[in-house]
Every structure is written in structure tokens, then in C-alpha cells.
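Trainee: I would like the atomic coordinates for the input below:
(chains A and B)
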Amino acid sequence: MTVQDQEQLFQEKIDKEIRIEPKDWMPEKYRQTLIRQISQHAHSEIVGMLPEGVWITRAPSLRRKATLIAKVQDEAGHGLYLYSAAETMGITRDQMLDQLHTGKAKYSSIFNYPTLTWADIGAIGWLVDGAAIMNQVPLCRASYGPYARGMIRICKEESFHQRQGFEILLTLSKGSEAQRRMCQDAIDRWWWPSIQMFGPPDEASPHSAQSMKWKIKRFSNDELRQRFIDVCAEQVKILGMTLPDPDLKWNEEKGHYDFGKIDWDEFWNVVNGNGPCNKERLAARVKAHEEGGWVREAAAAYAEKRKARMTQKNVA
Amino acid sequence: MSGDLLSNKQEWPLWEVFIRSRQGLDHKHVGSLHATDAAMAIENARDVYTRRMEGVSIWVIESKNIHASNPDDAGSFYDPAHDKVYRHPTFYDLPDELKHM
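Mentor: Residues are numbered from 1 along each chain as shown, chains lettered A, B, ... in the order given. Take a look at the predicted model:
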């Protein structure tokens, strides 16, 4: 069979919603694109533990602390599901970690913003996890089997993340004047970066068409962004807070909210390494990896010793 | 081979994880992970795949020990079953009056 025939067969399977599995033939470009997409997502989960992790010791109650630990632990788990999904496409875990640690691989830009107050933990849950869910639910039907299965697990778990975030904000919104201010301030700072999470506008997203054809992307960036804004514009009313966009207005004709201009220069600036915490985040990951080296070595040495003992026993 | 894991930059082996979600059901593949040995693979599988009581039993098997059929051969490999519709109960033409069958 020629490559063209194989490509046609491959696309027919995708059109018929037949999932692609690890050992199936796939175009090299599909493999590369997915490796990049899945590993970037994995890195985002891992780096995403950092801004929240710093609040574990300062959580305002035992209940909040237990929840936050569970959430951060979930994010580690999500990173692991995704790394193992990417590995089925022929990249190794070490290669992916190298790409992250050398700055070659990207992760979601949102995690390059700092978490200044406890309310940020609420805003991250509501907005950042909310945007992530909006992005991820369609990926549960992605054409690549291991990826789709991983996303199903992730989406099930993310729902708690968003609800706990909203609950934090709701509590603050009913609190003292200072707590209400803190709540509004966190929403103000996280809103714009959150709606940037859907990626550049459709006309500036050149690879989207191919990804949609391959069904590793199901809706366009702008479609999902609009859906998210519509949902949040209503939810924020329950908090008695506002979204920091003077142009946000219900458009009866369109059946959607109109919203203000997004600062894409800021987005690209953060993507390109100049956000408030890019250096700090990467340094923290590299430090954790290096300082964990002795644990990996000790575990390996222990496994070798046990294996040797077993072999000896078998010989004797 | 001794020293495998200790050599520079050697990844821990990959394990496939199978979980029985409750008594009476079979173990189902849920994903994979890295571990130095089976005991560590089972503990890691508990932490990665059963944080919400998804399992009552875990199997792990080193990925390299799994042998799989080749998807490229699927056409011919499963061909023998294609023309044997008579293996299915719906193949048989029976009157509607016939009950309990």
C-alpha cells in the first residue's frame, strides 16, 4: 500500500469515528502533533501544581487544606495519565522531561502568573479549571484512543476542582468587606489570562484546520472561548462580583455575550518567557527533578539488589 | 541484566496497569506507569489510578512482556469469523409463537 492509500484509509477511519490505537498506522505529522499537544498538556498539569502548592500550608482551614492537597495530587495524576498516553506514540518520559526542563516544550501560559492571595486558589478553580474543562471535554472524543481515555478520567476529576474553587469564592463573597475585595481582586487578575487559555483567535491559529480534520481538536478556539464567557458572565452574578470587562454585554441578536478586546501582546509575551513567573516555575521544576535524583537512584539500587537476591536464591 | 537501572539516564521500566473495579468484574486495562519493580508498580498504580476507590484489586505487568496481535493483519487474522453468521442466535428463522427461546 502506498503512503497515500494509507493516509486515505487513516482519514476514513477518523471520519467514521473509529479510534486510532498505538500500533495502528498513522501519518508522521499526526504523531508529532499529538506528541506535542499531549506532552504540553502533561507539562501544564505538572507545572500547574506549583502556584497552588504554595497555598497548602496557608489554607485557612483543615477542610480547605485537605481539599487543596487532593486537588494538587490529582494534577500530578493527570500529568502522569498524559505522559503515559504520549509514550504510546514513541516518545520517552525522559525525552519529555528534558524538553520541559530545557524550556524547549511549552506549558499553559496561565501558570506563569503568581498566586498572591487565598482568593487566587478560588479563582484558579473557578476560571482556570473551568476553562480547562471547556477545552478538555471535547477531547474525550479525540481520535487517538489512549489520549481520549486519559481525558475521560481527567474530566471526571476536574469537576471537583472547579466546584471547590467556586465554593471558596462564594464563601469569600459572603464574608467581610476585606474578603469581598480579595475575591473581586482575584477575579480581576485571573479573568483575562483565563480567556486567553483558549489560544489565539481562529484567524491566527493556522494549524487548527488540520487538527479539526484529524479530530484532535473538536471546536475552534473562539467557539470555546465564547461558550466559556457566556457561562462565566452568568455565574459571576451568583458571587455578586463582576468580570473586569466594561464591554461585556449580552447581545440579544447573537444570543451571546459581547466582550472587550483581548490583549494578545501580553499573551505572546508570557508564552515567550516574559511572564511574571516563567523563570521561577521552570527553576522549581528543574530543582525538584535534580533534588529527586537520589530517590530515583536509591529505588533503582534497591530493585537491583532484590533482583540479584532472587537470582541467587534460584541458583541455590 | 544486573545494572540495567543504574546505568546513566535509564528510565524505570514501563508497566501496564489493570484494575478490578469491584468484586465480580474482570480486571480492565487503565493505563501505564513507570516503576523499578512490581511492588512499586502496584503502589504507584494505587496512587495514580485508584484515588477515588476505583479499584479493589490491581494487576501490573511489565509492558515488554505483553504480546499483541498486529493491527495491520486484522483483516486476514479475523477473517475466519466473517462468514459464520450461523454462530449467532439471530441467524435462525423461527416462528413468533415460539416462546421462551
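Trainee: for the nearest residue to A:Leu282 once chain neighbours are set aside, give its distance to chain B.
Mentor: Distances taken as CB to CB, 6 or more residues apart in numbering or on different chains place A:Gly103 nearest to A:Leu282, at 6.2 Å, with adjacent residues excluded. Every residue, glycine included, has its C-beta placed from N, CA and C. A:Gly103 is 19 Å from chain B, where distance means CB to the nearest CB, to the nearest Å.
Trainee: is it true that A:Gly103 touches A:Arg281?
Mentor: No - with contact defined as CB atoms under 8 Å, A:Gly103 does not reach A:Arg281; the gap is 10.6 Å.
Trainee: quick one on the thing from earlier: tell me, how many residues neighbour the residue nearest to A:Leu282?
Mentor: Using other CB atoms under 10 Å in any protein chain shown, A:Gly103 has 12 neighbouring residues.
Trainee: check what pLDDT the most centrally placed residue in chain B gets.
Mentor: Averaging the C-alpha coordinates of chain B gives a centre point, and the residue nearest to it by CA atoms, centre = their mean is B:His29 (4.2 Å). pLDDT, B:His29: 96.
Trainee: what about A:Ile46, neighbour count?
Mentor: Neighbouring residues of A:Ile46 were enumerated by other CB under 10 Å; the total is 21.
Trainee: wait, I meant B:Leu25
Mentor: When counting by other CB under 10 Å, one arrives at 11 neighbours for B:Leu25.
Trainee: quick check, it in a strand?
Mentor: No - going by DSSP: H, G, I helix; E, B strand; the rest coil, the assignment for B:Leu25 is coil, not a strand.
Trainee: state the distance from it to A:Glu17.
Mentor: In this structure, B:Leu25 and A:Glu17 are separated by 27 Å, where distance is defined by CB to CB, to the nearest Å.
Trainee: quick one on the thing from earlier: phi first, then psi, for the residue nearest to A:Leu282.
Mentor: Here the main-chain torsion angles of A:Gly103 (degrees, to the nearest 10) amount to phi 80, psi 0.
Trainee: again with A:Ile20
Mentor: phi -90, psi 130.
Trainee: test my guess that it contacts A:Met26.
Mentor: Yes - counting by CB under 8 Å, A:Ile20 does reach A:Met26; the two are 5.8 Å apart.
Trainee: give me the neighbour count for the closest residue in space to A:Asn278 that isn't next to it in sequence.
Mentor: The spatially closest residue to A:Asn278, leaving aside those adjacent along the chain, is A:Asn112, at 4.8 Å (CB to CB, 6+ apart). Here the number of neighbours of A:Asn112 (other CB under 10 Å) works out to 23.
Trainee: chain neighbours aside, what residue packs nearest to A:Leu80?
Mentor: Using CB to CB, 6+ apart and skipping the chain neighbours, the partner closest in space to A:Leu80 is B:Val48 (5.2 Å).
Trainee: in the helix or strand harbouring the one you found, what counts as buried?
Mentor: Using DSSP states H and E, the element containing B:Val48 is helix B:38-49. When neighbours are counted by 16 or more other CB atoms under 10 Å in any protein chain shown, the buried residues of helix B:38-49 are found to be B:40-41, B:44-45, B:48-49.
Trainee: what's the answer for stretch A:171-186, then?
Mentor: For stretch A:171-186, by 16+ other CB under 10 Å, it's A:171-173, A:179-180, A:182-186.
Trainee: next step: the residues you listed restricted to helices.
Mentor: A:171-173, A:179-180, A:182-186 (DSSP state H).
Trainee: and of those residues, the nearest to chain B?
Mentor: A:Thr171 (24.2 Å; CB to the nearest CB).
Trainee: quick one: which of A:Ile20 and A:Met26 has more around it?
Mentor: A direct count of neighbours by other CB under 10 Å for A:Ile20 and A:Met26 places A:Ile20 higher, at 25 against 21.
Trainee: coming back round to it: what residues do A:Ile20 and A:Met26 have in common as contacts?
Mentor: A:Phe10 (CB atoms under 8 Å, 6 or more residues apart in numbering or on different chains).
Trainee: so where do the helices sit in the stretch 201-316 of chain A?
Mentor: A:208-213, A:221-239, A:264-269, A:278-291, A:293-315 (DSSP state H, counting those that start in this stretch).
Trainee: cool, chain B as well?
Mentor: Along chain B, the segments classed as helices by DSSP H run B:38-49, B:74-77.
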